[in-house]
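kindly generate the corresponding structure for this input.
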Amino acid sequence: MTTTGTGRPAVEGLRERKKRAMRRQLSDTAARMFLERGFDAVRVADVGEACGVSEKTVFNYFPSKEALLLDRLEATADALRTHLPNPALTPVSAMLTILDDELDGLATALAADGDRALARYRKFGDLIRNTPSLRAYQSDIADRFVDIAAEALVTRTGLRPDDPEPQIAAATLLGLWRVQFRALRTHVRPGHPLPDAIDAVRREVRRAASLAEAGLAAFPAPADHD
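The predicted structure is shown next:
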């Protein structure tokens with residue numbers, strides 16, 4: 001969203017709305033085609049053709065074929081930048097806020113379409129796990145999240161992002177993200193009541209968070225490094 005000269009949000013223009021709609025159309029179309037045919041069987045040009053645009057246009061919106069499927073992870077990056085600098089929350093509490101928001105959003109989306117949505121969600125996870133390039137891309141994204149988290153955390157301290165304290169703190173916090181991802185795979189499945197599954201995921205994340213909170217109790221560390 002653009003802003004006015006006073007810093008207040010401006011009304012989204014027609015061009016911006018069209019670009020956002022096209023990005024969503026490309027991502028949704030790619031996801032459907034990948035799930036139907038397999039990731040490697042679909043070319044970026046095929047996605048563009050299905051949306052009435054060229055392959056070059058697709059790459060204007062997404063840097064890679066993998067990003068077409070996993071583009072919504074960018075919302076996590078934005079949440080890290082927003083919540084982790086908040087001095088009113090411990091780093092672990094801030095991360096739990098992010099994870100709870102993601103979990104609530106997923107639960108709402110899955111509840112809207114019942115078992116069909118759950119089956120699609122499982123198939124989506126299978127596609128990522130069974131496609132080496134998608135697994136590698138997801139791993140790269142997780143590494144980038146650690147860097148983003150470290151940069152956000154140092155606003156609390158006099159440390160640098162590449163100092164060991166924010167690096168280990170960031171890696172620990174992103175470990176909670178991985179715990180939630182794995183717990184979702186374990187508990188969210190057709191035939192298992194969704195509210196029970198979401199509660200089970202939340203409990204597992206809280207167990208891990210208790211350990212992380214103890215380990216990060218000394219963060220931020222005194223800025224007396226060399």
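
give me every residue that touches the nearest residue to T97 once chain neighbours are set aside.
Nearest in space to T97, with sequence neighbours left out and distances taken as CB to CB, 6 or more residues apart in numbering, is H83 at 5.4 Å. Using the backbone N, CA and C atoms, a C-beta is placed for each residue, glycine as well. Counting by CB atoms under 8 Å, 6 or more residues apart in numbering, H83 makes contact with 89, 94-95, 97-98.

got the residues you listed as TSV, with pLDDT columns?
Below are these laid out as TSV (pLDDT from 0 to 100):
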residue	pLDDT
L89	93
A94	96
M95	97
T97	97
I98	97
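
compare those residues and tell me which has the most neighbours.
Using other CB atoms under 10 Å as the neighbour criterion, M95 leads the contacts of H83 with 30 neighbours.

following the strand or helix carrying that residue, which helix or strand shows up next?
Element membership for M95, per DSSP states H and E: helix 91-111. Of the helices and strands lying after helix 91-111 in sequence (DSSP H and E), the nearest is helix 114-129.

buried sites along that next one?
By 16 or more other CB atoms under 10 Å, the buried positions in helix 114-129 come out as 117-118, 121, 127-128.

tell me the buried residues in the helix or strand following it?
Per DSSP H and E, the first helix or strand lying C-terminal to helix 114-129 is helix 132-153. By neighbour count with 16+ other CB under 10 Å, helix 132-153 contains the buried residues 134, 137-138, 141-142, 145-153.

ends of stretch 85-95, how far apart?
Using CA to CA, to the nearest Å, the end-to-end distance of stretch 85-95 comes out at 11 Å.

just give the number of residues close to V201.
Using other CB under 10 Å as the criterion, V201 is surrounded by 24 other residues.

what's the pLDDT at it?
As predicted, V201 sits at a pLDDT of 97.

just give the nearest non-adjacent residue to it, would you?
Leaving aside its sequence neighbours, V201 sits nearest to A183 (CB to CB, 6+ apart; 4.3 Å).

residue contacts, the one you found?
Taking CB under 8 Å, 6+ apart as the test, what A183 contacts is 200-201, 204-205.

isn't F62 right up against L26?
Yes - F62 is within contact range of L26, at 6.9 Å (criterion: CB atoms under 8 Å).

got any residues that touch both of those two?
The contact sets of F62 and L26 overlap at L68 (CB under 8 Å, 6+ apart).

of these two, who's got more company?
More crowded of F62 and L26, by other CB under 10 Å: L26, with 23 against 19.

list the buried residues of the helix or strand containing that one.
If you go by DSSP H and E, L26 is part of helix 14-37. Neighbour counts over helix 14-37 (16+ other CB under 10 Å) mark 22-23, 25-27, 29-31, 33-35 as buried.
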